[in-house]
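**Student:** sequence and predicted structure, then a few things I'm wondering about:
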Amino acid sequence: MLAAFRSLEHRNFRLYFAGQSVSLIGTWMQRLAVSWLVYSATHSSLLLGVVLFAGQIPMLLLAPYGGTVADRYSRYRILLITQVAALGQAIVLAGLVLSGYYNTWVVAGLSLLLGTINAFDIPARQSLLVELVDDPTHLPNAIALNSTMVNLARLLGPAVAGALLTLLGAGPCFAVNALSFGAVIGSLLLLRLVPRPPRPRRPGAWEGLREGWAYLRQAPALRRQLLLMAGLSFCALPYGTLLPVFAQDVFHGAAGTFGLLNSVAGAGALAGALYLASRPAGGSQRRLISWAGLGFCVSLLGLALSPRLGVGLAFVGLGGVGMMLFIAGTNTFVQTHVPDHLRGRVLSYYVMAFQGMQPLGSLLVGWLARHLGAPHTVLLQGAAGLLVVLVLGRGARRALVAPAVVAEPA
């Protein structure tokens, strides 16, 4: 069991893990509160999809540029700057909601700002992991523990947010998120990182993007896995957009029900992340990724057909397991098959496939739910996801040969 936490032997990763664990609880509280605030005020699944679209579309448009920036400059400094910027966004949102001077479009605009910050934050954050562990063989474990941290926060954040939403409303959720940034910024300031050797040549932004894409063109295994991620991110992963609708209109609950659905999904994802962390280094990821994707899509079919809350919770929990094994397994595969000097650029394509496609799916899901209802929409999502995994997953397994290692340009 101790092997599941082996990357915590490294001081820098321990500090990062502790600070992020606190901050991410606030992040999940804010995500939950934004969805509940918008749907409670508008009762429109379409507007809910629009707000989530605004928060995620910068990933699609800017993440490749963010990855190039992460490879050109200090990933640590980029992460510190983006965290301070996200703190500012959280303070403004909390102040507006607590004072009552906000509307749906203000929330959408601030979500767009946060998405823009995240387009630079996430490639730098993912690329920095390799610098936080001194032993390269511990990198897969660090990635799995990072996913564990995210999903522990996903379990605790919605539970706390559900209670606060019921008792005090959305404003305190945003205030707690703003306060939680103190932990991550403090932990970043305490890191002791070995300076990366200066690159003899720093490509321009567009040249960097071309270099990242050129690497993917000669790495069919990575390219297939990213296409599979993009497909599921578009058609299946945005099911979370409709959880407020399931909580209120399908299961006839309130904010506590919404928090419970999110917490159970987080508990399932946490179990999946812990399983990944306990796997021995060097284990094959390819079969796991495909089976996890299939399991997640089957769970969506079960949720769509659930006659009552208890059954729905069971399928949401199983879906959390499959979703996390798929996402973290893909991340691990990408990180362990890319040279460090291209890490930020290739990971930016992963971010674009994972989080950049979800806003397009959220917008479509919100529109479909308006016309078909939430259960029928999730049923379509599960069926489409199964088709994507069966087609692209099979192709990914055929393409899985070790990609060529590209030497860093002199």
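**Tutor:** Structure's in. What do you need?
**Student:** make it CA atoms for all contacts and neighbour counts henceforth
**Tutor:** Noted.
**Student:** who are the packing partners of the helix or strand harbouring Met324?
**Tutor:** Assessed by DSSP states H and E, Met324 sits inside helix 309-335. In this structure, helix 309-335 packs against helix 139-167, helix 220-235, helix 255-278, helix 286-304, helix 343-351, with contacts taken as 3 or more C-alpha pairs under 8 Å, 6 or more residues apart in numbering; DSSP states H and E.
**Student:** how far off helix 343-351 does the strand or helix carrying Leu113 point, in degrees?
**Tutor:** For Leu113, the host element (DSSP H and E) is helix 104-132. In terms of direction (axes from the mean of the first three to the mean of the last three C-alpha atoms, to 10 degrees), helix 104-132 departs from helix 343-351 by 140 degrees.
**Student:** skipping adjacent residues, who's closest to Gln355 in space?
**Tutor:** Leaving aside its chain neighbours, Gln355 sits nearest to Met59 (6.1 Å; criterion: C-alpha to C-alpha, 6 or more residues apart in numbering).
**Student:** quick check, that neighbour in contact with Ile117.
**Tutor:** No - here Met59 does not reach Ile117: they are 9.3 Å apart, not a contact under C-alpha atoms under 8 Å.
**Student:** pick out whichever of those two has more residues nearby.
**Tutor:** Met59 (29 against 24; other C-alpha atoms under 10 Å).
**Student:** element containing that one?
**Tutor:** Counting by DSSP H and E, Met59 is part of helix 45-72.
**Student:** gap between the residue nearest the centre of the chain and Gly115?
**Tutor:** Residue closest to the average C-alpha location in the chain (C-alpha atoms, centre = their mean): Gln355, at 6.4 Å. Noted for Gln355: a distance of 10 Å to Gly115, by C-alpha to C-alpha, to the nearest Å.
**Student:** what touches both of the two?
**Tutor:** When C-alpha atoms under 8 Å, 6 or more residues apart in numbering defines a contact, the residues bordering Gln355 and Gly115 alike are 56, 59.
**Student:** list the helices and strands the top helix by length along the chain packs on?
**Tutor:** As assigned by DSSP state H, the longest helix anywhere in the chain is helix 11-42. Counting contacts by 3+ C-alpha pairs under 8 Å, 6+ apart, helix 11-42 is packed against helix 45-72, helix 104-132, helix 139-167, helix 171-189, helix 243-245.
**Student:** let's go with 7 Å and repeat that
**Tutor:** Packed against helix 11-42 by the contact rule (3 or more C-alpha pairs under 7 Å, 6 or more residues apart in numbering; DSSP states H and E) you find helix 45-72, helix 104-132, helix 139-167, helix 171-189.
**Student:** same list (the ones you listed) but as TSV, adding distance to Leu37.
**Tutor:** Output for the helices and strands packed on helix 11-42, formatted as TSV (distance: least, C-alpha to C-alpha, whole Å):
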stretch	distance to Leu37
helix 45-72	9
helix 104-132	9
helix 139-167	9
helix 171-189	9
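**Student:** need those helices in a markdown table with mean pLDDT and distance to Gly344, can you?
**Tutor:** Listed next are the helices and strands packed on helix 11-42 as a markdown table, based on pLDDT from 0 to 100; distance: least, C-alpha to C-alpha, whole Å:
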| stretch | mean pLDDT | distance to Gly344 |
| --- | --- | --- |
| helix 45-72 | 82 | 4 |
| helix 104-132 | 89 | 6 |
| helix 139-167 | 79 | 15 |
| helix 171-189 | 93 | 19 |
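**Student:** those: which one's closest to Phe258?
**Tutor:** Proximity to Phe258 (C-alpha to C-alpha) singles out helix 139-167 among the helices and strands packed on helix 11-42, at 7.0 Å.
**Student:** which parts of the closest one are buried?
**Tutor:** 139-165 (16 or more other C-alpha atoms under 10 Å).
**Student:** helices and strands around that helix, which ones?
**Tutor:** Using 3+ C-alpha pairs under 7 Å, 6+ apart, helix 139-167 sits against helix 11-42, helix 171-189, helix 255-278, helix 309-335.
**Student:** distance to Ala90 and mean neighbour count added to these, as JSON lines?
**Tutor:** Below are those laid out as JSON lines (distance: least, C-alpha to C-alpha, whole Å; neighbours: other C-alpha atoms under 10 Å):
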{"stretch": "helix 11-42", "distance to Ala90": "9", "mean neighbour count": "22"}
{"stretch": "helix 171-189", "distance to Ala90": "5", "mean neighbour count": "21"}
{"stretch": "helix 255-278", "distance to Ala90": "20", "mean neighbour count": "24"}
{"stretch": "helix 309-335", "distance to Ala90": "27", "mean neighbour count": "23"}
